[in-house]
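S.K.: Return a 3D structure for these sequence lines:
(one chain, ligands or ions: 1)
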Amino acid sequence: MSDIPTGSDPVVRVLTPGDEPWVEQAVTHLGRSAVTNAAEVFLRDPAVVAVGAFADEALVGFAYGYVLSRPDDAPMANLYVLEVWPDYQRRGLGSQLIKAFKKEVGRVSKLWLVSPVSPITAGFYAAVGAHAEQSDAVYELPND
Ligand SMILES: CC(C)(COP(=O)(O)OP(=O)(O)OC[C@H]1O[C@@H](n2cnc3c(N)ncnc32)[C@H](O)[C@@H]1OP(=O)(O)O)[C@@H](O)C(=O)NCCC(=O)NCCS
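M.R.: The predicted structure is shown next:
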């Protein structure tokens, strides 16, 4: 496992190959099952940008998304998951995770933050300067 910061201040950093155990911890924390080798494939995917927040020598926040090529414009980025563990919320870590994600994806034509609709997300996204996009609804097509 890559080094974990040992200082008392929280640290937010990009996750890279070697950080698979942290990704697996995050998956478990999010209530999903870790699938064999999935974290390794995930961290080696060049489209993936994953960020972790560490405090008290543990993972306390996780965010990931993708940089996607477009045929008509510069690449765009989607942030799909952003979560700070309850005991560490309202200390600026969510904002730092977004900042680190944004820095890592660099200049993109659009940066979409995909999230459930809730008063928490509305309050948080307003605080980081994001606005609701008037766009198409998402439809899910089930597997056969
Ligand atoms: C949304 C979430 C990531 C915010 O993380 P965080 O580390 O607490 O956020 P920050 O400390 O950077 O908050 C920055 C500002 O956002 C706003 N904000 C944060 N949480 C909020 C809440 N629950 N309700 C209303 N506004 C909120 C506040 O303005 C806050 O500034 P303040 O603490 O000075 O008032 C965290 O609440 C979380 O993980 N929630 C559960 C998962 C979730 O809903 N994820 C959403 C994206 S998928």
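S.K.: number of nearby residues for residue 13?
M.R.: 15 (other Cβ atoms under 10 Å). No exception for glycine: its C-beta is placed from N, CA and C like everyone else's.
S.K.: and stretch 113-130, is it in reach of the ligand?
M.R.: Yes: if you take Cβ under 6 Å from any ligand atom as the test, stretch 113-130 does meet the ligand, through 115, 120, 121, 123, 124, 127.
S.K.: Kindly check the end-to-end length of that stretch for me.
M.R.: For stretch 113-130, the first-to-last residue distance is 8 Å (Cα to Cα, to the nearest Å).
S.K.: again, but for stretch 68-85
M.R.: For stretch 68-85, the first and last residues are 28 Å from each other (Cα to Cα).
S.K.: Of all the residues in that stretch, which ones are buried?
M.R.: Residues 75, 76, 77, 78, 79, 82, 83, 84, 85 are the ones in stretch 68-85 that count as buried (16 or more other Cβ atoms under 10 Å).
S.K.: quick one: low-confidence ranges for this structure?
M.R.: Across the chain, residues meeting the criterion (pLDDT under 70) sit at 1-8.
S.K.: residues from it in reach of the ligand?
M.R.: Counting by Cβ under 6 Å from any ligand atom, the residues of the chain near the ligand are 81-84, 89-95, 115, 120-121, 123-124, 127.
S.K.: Mind checking which of the residues you listed land in strands?
M.R.: 81, 82, 83, 84 (DSSP state E).
S.K.: neighbours around the closest residue in space to the second one that isn't next to it in sequence, how many?
M.R.: This means residue 82. With Cβ to Cβ, 6 or more residues apart in numbering as the criterion, residue 82 has its nearest non-adjacent residue at 4.3 Å, and that residue is residue 63. By other Cβ under 10 Å, the residues close to residue 63 number 26.
S.K.: how near is residue 142 to residue 111?
M.R.: Computed with Cβ to Cβ, to the nearest Å, the distance linking residue 142 and residue 111 is 29 Å.
S.K.: now swap in residue 86 and tell me
M.R.: Plainly put, residue 86 is 26 Å away from residue 111 if you go by Cβ to Cβ.
S.K.: before we move on, back to that, could you check which of residue 142 and residue 111 is surrounded by more residues?
M.R.: Taking other Cβ under 10 Å, residue 142 and residue 111 do not tie; residue 111 has more neighbours (17 against 4).
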